[in-house]
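>>> Prediction below, plus the sequence it came from.
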Amino acid sequence: MEANLSNPHDLHTPLMNHPPRLNKNGHKPSKGILVILCSIVFLMSLFALIMIKSQNHLEKMEIGNTETTPFDPNISPARGVAQGVSPKSIPTLFHKVSYNWTNAMFSWQRTAFHFQPQKNWMNDPDGPLFHMGWYHLFYQYNPDSAVWGNITWGHAVSRDMIHWLYLPIAMVPNDWYDINGVWTGSATILPGGKIIMLYTGDTNHYVQVQNLAYPANLSDPLLLHWVKYPGNPILLPPPGIGSKDFRDPTTGWIGSDGKWRITIGSKKGKTGLSLVYKTTDFINFEPNDHYLHAVPGTGMWECVDFYPVSINGSKGLDSSVNGPYVKHVLKASLDDKRVDSYALGTYFVENDTWVPDDPFMDVGIGLLLDYGRYYASKSFYDEEKERRILWGWVNETDIESDDLRKGWASLQTIPRTVLFDNKTRTNLLLWPVEEVESLRLSSDEFEGMVVKPGSVVPLNISLATQLDIFAEFEIEWLNSKSNGKNNMGCGKGGATDRSAFGPFGLLAIADDSLSEQTPIYFRLSNTTTFFCVDETRSSKASDVSKAIYGSNIPILSDEKLSMRVLVDHSIIESFAQGGRRVITSRVYPTEAIYGAARLFVFNNATDINIKISLKIWQLNSAFLRPFPFDQSH
């Protein structure tokens, strides 16, 4: 298969003649020459102004709304943007001066039970699957540096998705169709157990194409060696789709006609969309007449995910399942906003289109999988335990020079199970896989603690940097005249803003003086409940992003307020109401580290007492390490 992939968008700046100089006698040039000179200067100035404005506009689009810092036209462009991929750093922090970090501070930031490589850069999860007793995780990886670039596929295996063993790199960018990056892809398990991997390659002309790879030896439990199909690429950007707007193929699903389908993220103008292709052999594809779905104003859709959930059951479903008791989840990672947005809807097999249940809660304008620092998620069906598992990438929020000093960047969340919330029937429930409980060591319980308005109460536990926390809250109304209508969401000042009914919750990774703290809290009104995390006081360092994250959350009349919080050094994963809302945070304290880290409960409400019951487990390390090839599998 041959294709002409020359880039029609390559632009070359026209050569300009040098301006006239003084003649050899030192006399000024003639009036005519001066006119020419002034014209050239004017044109060059106009050209420079246009380029600056164009660049500023592009950078504003790519930064999106992930930071509240105003745009600075003097900062460097975000990494990866020139190749048509999302910003891989925090561009608003480029000009920050590094804090006086010590090696001890950097060492503390590395997590104990979240997946991250031994060193260097990582981003999107790729092709998760279960094969011959092993869970496999592939991931975007730079083997040379702690910043994005030279993207290969890292590879690790685990028996339980918690205790990981590093394997050699699975695929490298060494062919013309992926020489500028082996980008994100997905695994599909065919009948009989055959595995195929579709992934996006960035070509020698910076065109995004889709490629096929498969295991060299399917009987190898570790799937150590991968073969790229010699006829790659199997898909090129279709007419009307930009050469840098065509990426991240999904897991395949099979229709009643026996043909497989995949969907690929893209955009037209500012309309985000997902393209559908059909195939019988994963080599030859036919485009669908319709988009799977499209939403104006949402920008480029990356890392599209599409899968069924049972509306009555407690188990996950294979990607090909459909029927009257099934909803389909369509999720897109929004390149402009840096969030993972999803919606529930109905998949119509007749024409391979999807329609949301609620058009006002469509992809890109409705629910998020995670309301914190979370992106490029990918799910897979775990046939071994009949569950759908979701992975998500969490980047650093410090500056690149700090990452280079510590030698690593980014991690993956704890894998989460995905279920339909059959109480609200409007959203998903995301919950840490049960295997994380294998890390539990000693525990502490606190029953019925009463926390009065304006109080902060320390919890007497031994260590506070590796925790699994369950907390339930009951509310005692002190002033029946309070109406609680001062609905300020998470609060402009975060957890410091006091109102009648909140905020109240936990202070994680805090020091004794509370100079550093990360509140995880609820805030109520008569009409709405919000679940939030406030990072603004999480660190004294100025070279890290510190945001306030949160969302309103449905609370049913028979439910207590509850949260589960996983604390692992520099990452905090917070789950409210059984996973109805999730917030992931990155924190970089300078003092609340090692034995100085503490856990508190607090109540900043003015008109309610809080009765809180907690169970807190210390968690062991997962001891990630290279695979012991000198021992048996």
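In hand now; what should we look at? All figures in this text were calculated on a predicted structure; none of them were measured in a lab.
>>> Pull out the buried residues from stretch 296-313.
298-310 (16 or more other C-beta atoms under 10 Å). Every C-beta, even on glycine, is put in place using the N, C-alpha and C of the backbone.
>>> Among those residues, which lie within helices?
Among those, no member is found in helices (DSSP state H).
>>> can you tell me how far the residue most central in space within the chain sits from Thr397?
Central residue of the chain (C-alpha atoms, centre = their mean): Tyr375, 1.2 Å from the mean position. Distance of Tyr375 to Thr397, given as C-beta to C-beta, to the nearest Å: 12 Å.
>>> on that earlier part again, look up which residues are beta-bridged to the residue nearest to the centre of the chain.
Beta-bridge pairing of Tyr375 under DSSP bridges involves Trp393.
>>> Okay, now the unreliable bits of this protein?
1-79, 91-94, 480-487, 632-633 (pLDDT under 70).
>>> and with 80 instead?
When residues are selected by pLDDT under 80, those of the chain lie in 1-82, 86-96, 479-488, 631-633.
>>> before we move on, the earlier item: and the residue nearest to the centre of the chain, how close does it get to Thr584?
10 Å.
>>> Confirm for me that the residue nearest to the centre of the chain is in contact with Asp335.
No. Counting by C-beta atoms under 8 Å, Tyr375 does not reach Asp335; the two are 9.8 Å apart.
>>> what's the overlap in contacts for these two?
Ser86 (C-beta atoms under 8 Å, 6 or more residues apart in numbering).
>>> what touches both of Tyr375 and Thr584?
Common neighbours of Tyr375 and Thr584, using C-beta under 8 Å, 6+ apart, are Gly392, Val394.
>>> Quick check: chain neighbours aside, which residue is closest to Glu396?
Among residues not flanking Glu396 along the chain, Ala409 sits closest, at 4.9 Å (C-beta to C-beta, 6 or more residues apart in numbering).
>>> Neighbours of that neighbour, how many?
As a burial measure, Ala409 scores 26 neighbours (other C-beta atoms under 10 Å).
>>> is it true that it touches Pro117?
No. In this structure, Ala409 is not within contact of Pro117 by C-beta under 8 Å, at 9.4 Å.
>>> Distance to Ile548 added to the buried residues of stretch 296-313, as CSV?
Formatted as CSV, those follow (distance: C-beta to C-beta, whole Å):
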residue, distance to Ile548
Thr298, 23
Gly299, 23
Met300, 26
Trp301, 26
Glu302, 25
Cys303, 25
Val304, 29
Asp305, 27
Phe306, 31
Tyr307, 31
Pro308, 35
Val309, 30
Ser310, 35
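>>> And these, which is closest to Ser401?
Glu302 (26.8 Å; C-beta to C-beta).
>>> I'd guessed that closest one sits against Asp248; true?
Yes. Using C-beta under 8 Å, Glu302 makes contact with Asp248 at a distance of 5.5 Å.
>>> in which helix or strand would I find Glu516?
Under DSSP states H and E, no helix or strand contains Glu516.
>>> Over to the one 10 residues further on?
Asn526 is part of no helix or strand when elements are defined by DSSP H and E.
>>> How is the chain divided into domains?
Domain assignment for the chain by the TED database gives 119-434, 440-619.
>>> Rebuild those domains as JSON lines, extending it with distance to Trp101.
Shown next, in JSON lines, are these (distance: least, C-beta to C-beta, whole Å):
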{"stretch": "domain 119-434", "distance to Trp101": "6"}
{"stretch": "domain 440-619", "distance to Trp101": "7"}
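>>> wait, which of the ones you listed is closest to His95?
Across those, His95 has its closest neighbour in domain 119-434 (9.0 Å, C-beta to C-beta).
>>> and the closest residue to Asn217 other than its chain neighbours, how many neighbours?
Distance criterion C-beta to C-beta, 6+ apart; nearest residue to Asn217, sequence neighbours excluded, is His225 at 6.4 Å. By other C-beta under 10 Å, 12 other residues sit near His225.
>>> His225 contacts Pro215, doesn't it?
Yes. With contact defined as C-beta under 8 Å, His225 counts as touching Pro215 (7.0 Å).
>>> Find the residues that touch each one of these two.
Counting by C-beta under 8 Å, 6+ apart, no residue touches both His225 and Pro215.
>>> pretty sure Glu435 is in a strand, no?
No. Secondary structure assignment (DSSP: H, G, I helix; E, B strand; the rest coil) places Glu435 in helix, not in a strand.
>>> which residues touch it?
Counting by C-beta under 8 Å, 6+ apart, Glu435 has contacts Asp160, Met161, Ile162.
>>> Tell me the spacing between it and Asn620.
13 Å.
>>> How about Pro191?
If you go by C-beta to C-beta, the gap between Pro191 and Asn620 works out to 40 Å.
>>> Can you tell me the SS state at the closest residue in space to His131 that isn't next to it in sequence?
Counting by C-beta to C-beta, 6+ apart, His131 lies nearest to Leu223, which is 6.2 Å off, once chain neighbours are set aside. At Leu223 the chain is in coil, as set by three-state DSSP.
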